[in-house]
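Engineer: Provided below are the primary sequence and the corresponding predicted coordinates.
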Number of protein chains: 2
Amino acid sequence: MFNGFLEDLVNNLKKLPGIGSKTAQRLALHLISIEKAEALNLSDSIKIAVQSYKNCSICNMLSETDPCRFCEDTTRISNVICVVENTQDAYLIENLHEFKGRYFVLNKLLSPLDGIGPDEINFPKLEKIINSGEIQEIILALNPSAEGESTINFMALQFEDKDIKITRLSTGLPFGGDIEYTSSLTLSNAFKRRYLVTE
Amino acid sequence: MFNGFLEDLVNNLKKLPGIGSKTAQRLALHLISIEKAEALNLSDSIKIAVQSYKNCSICNMLSETDPCRFCEDTTRISNVICVVENTQDAYLIENLHEFKGRYFVLNKLLSPLDGIGPDEINFPKLEKIINSGEIQEIILALNPSAEGESTINFMALQFEDKDIKITRLSTGLPFGGDIEYTSSLTLSNAFKRRYLVTE
């Protein structure tokens, strides 16, 4: 149906997360139908954002500035560090307005089978920060997936000798979830980690 | 939460149909996280598509070539013309693989209160095609909305003296729809336009 430059555009839009063929076609036709200036604004803002964002040299977060605004902000607590997989996750946590410490972005999770070891997840850099001696708590805010679990276990092992609290996000039933539709792994974990109603 | 070039990108993405704040944020962070080359490909393909597509001088359809491939295609039936609101709608109809005639894109629907009269919907150009004498059927494939209905009525009036079949898309219950959740306007129309089961 689509050909030429429109087909190229559809194919590039389809690579975005959550954008299927139909949505990509609708968006592509929308883009060539609206005011040229408006569509070109989008094109330019992608280019500018992509070219301006780089990894913060301290925490690896994608940022326009180096150091990033979190590392630069002297009002943030500097003895708690929240380790996340990527910048997206850091933004989601930041959005809760509950955490005022530092972040550290791994950019990948451990996956030995894919050749992703400690070096690939920026572990040496994290180790240096931890060894600076200031950190009192490491929050491992990683997905409870296979890779997330290995990364959590690896980090816990590496830092167990130090006098540092190592925590992870709680696991269990999501609010609004339904026991009937919960995986047995999640349910079993939720049962084991049950807590006092008065807690 | 977002600032600088990332905020610009989020704002531009939010203008796309069906893209809300959350999706725009997710897409923006995705774009600055992936390989720069891939994100720049998207930026470039928007620019190239936008700059390459213009309205076909015969039917007004957005096209890389002028005349468009539908107007240029001599194997298509030239005595039936399908009048659509925009290029998107023409593509959706073309996708049915049932229509082999010509298209004509109005680009707008009549809306006197918004200052959209016959000139703004390219009516003089359509009239010229109709007056060429070749056309035997005009299919008014327009939305059954207030503007669509006025446009259909206006066209029907303009061409009533000519020996041309003027048709519109059937209206009624959508397949898979539910009478309980159908508007009374649709239901009343479906009742009036009921047809023999054997038809």
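Structural biologist: That came through, no problem.
Engineer: only C-alpha atoms for contact and neighbour calcs from this point on.
Structural biologist: OK.
Engineer: in a strand, A:Thr167, correct?
Structural biologist: Yes. Secondary structure of A:Thr167 (DSSP: H, G, I helix; E, B strand; the rest coil): part of a strand.
Engineer: and for it, the neighbour number?
Structural biologist: 14 (other C-alpha atoms under 10 Å in any protein chain shown).
Engineer: wait, it sits on A:Gln136?
Structural biologist: No. Counting by C-alpha atoms under 8 Å, A:Thr167 stays clear of A:Gln136, with 10.9 Å between them.
Engineer: and A:Cys82, that's in a strand?
Structural biologist: Yes. Membership of A:Cys82 in a strand is supported by three-state DSSP.
Engineer: was I right about it contacting A:Tyr103?
Structural biologist: Yes. A:Cys82 lies in contact with A:Tyr103 (C-alpha under 8 Å); the separation is 4.7 Å.
Engineer: may I have the beta-bridge partners of A:Val80?
Structural biologist: On the basis of DSSP bridges, A:Val80 is bridged to A:Glu137.
Engineer: so what's the residue count around it?
Structural biologist: A:Val80: 20 neighbours (other C-alpha under 10 Å).
Engineer: in this structure it contacts A:Ile135, no?
Structural biologist: Yes. Taking contacts as C-alpha under 8 Å, A:Val80 lies within contact range of A:Ile135: 5.7 Å.
Engineer: ok, the residue of chain A found nearest chain B - contacts?
Structural biologist: For chain A and chain B, the shortest gap (C-alpha to the nearest C-alpha) falls at A:Ser43, measuring 4.4 Å. By C-alpha atoms under 8 Å, 6 or more residues apart in numbering or on different chains, the contact set of A:Ser43 is B:Leu42, B:Ser43, B:Asp44, B:Ile46, B:Lys47.
Engineer: buried subset of those as a PyMOL selection?
Structural biologist: Provided next is the PyMOL selection string for whichever of those are buried by 16 or more other C-alpha atoms under 10 Å in any protein chain shown:
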select buried, chain B and resi 42+43+44+46+47
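Engineer: which residue sits closest to A:Pro17, ignoring its sequence neighbours?
Structural biologist: Excluding its sequence neighbours, the residue lying closest to A:Pro17 (C-alpha to C-alpha, 6 or more residues apart in numbering or on different chains) is B:Leu27, at 7.1 Å.
Engineer: who's in contact with A:Ile93?
Structural biologist: A:Phe99.
Engineer: look at it and give its secondary structure.
Structural biologist: Put simply, A:Ile93 is helix when judged by three-state DSSP.
Engineer: any idea how far it is from A:Tyr103?
Structural biologist: Applying C-alpha to C-alpha, to the nearest Å, the value for A:Ile93 to A:Tyr103 is 10 Å.
Engineer: coming back round to it: so A:Cys82 and A:Tyr103 - more neighbours on which side?
Structural biologist: Per other C-alpha under 10 Å, whichever of A:Cys82 and A:Tyr103 has more neighbours is A:Tyr103, with 26 against 21.
Engineer: before we move on, which element is the more buried one in?
Structural biologist: Using DSSP states H and E, A:Tyr103 maps to strand A:102-105.
Engineer: can you check A:Phe5 too?
Structural biologist: Using DSSP H and E, A:Phe5 sits within helix A:4-14.
Engineer: so what touches that helix?
Structural biologist: Outside helix A:4-14, the residues that touch it by C-alpha under 8 Å, 6+ apart are A:19-21, A:24-25, A:27-29, B:41-42, B:45-46, B:48-49, B:52, B:64.
Engineer: list buried residues within these.
Structural biologist: A:24-25, A:27-29, B:41-42, B:45-46, B:48-49, B:52, B:64.
Engineer: contacting residues for A:Tyr53?
Structural biologist: Neighbour list for A:Tyr53: A:Leu62, A:Ser63, A:Glu64, A:Thr65, B:Ile32 [criterion: C-alpha under 8 Å, 6+ apart].
Engineer: how about A:Ala141: which residues does it bridge to?
Structural biologist: With DSSP bridges as the rule, A:Ala141 is bridged to A:Val84.
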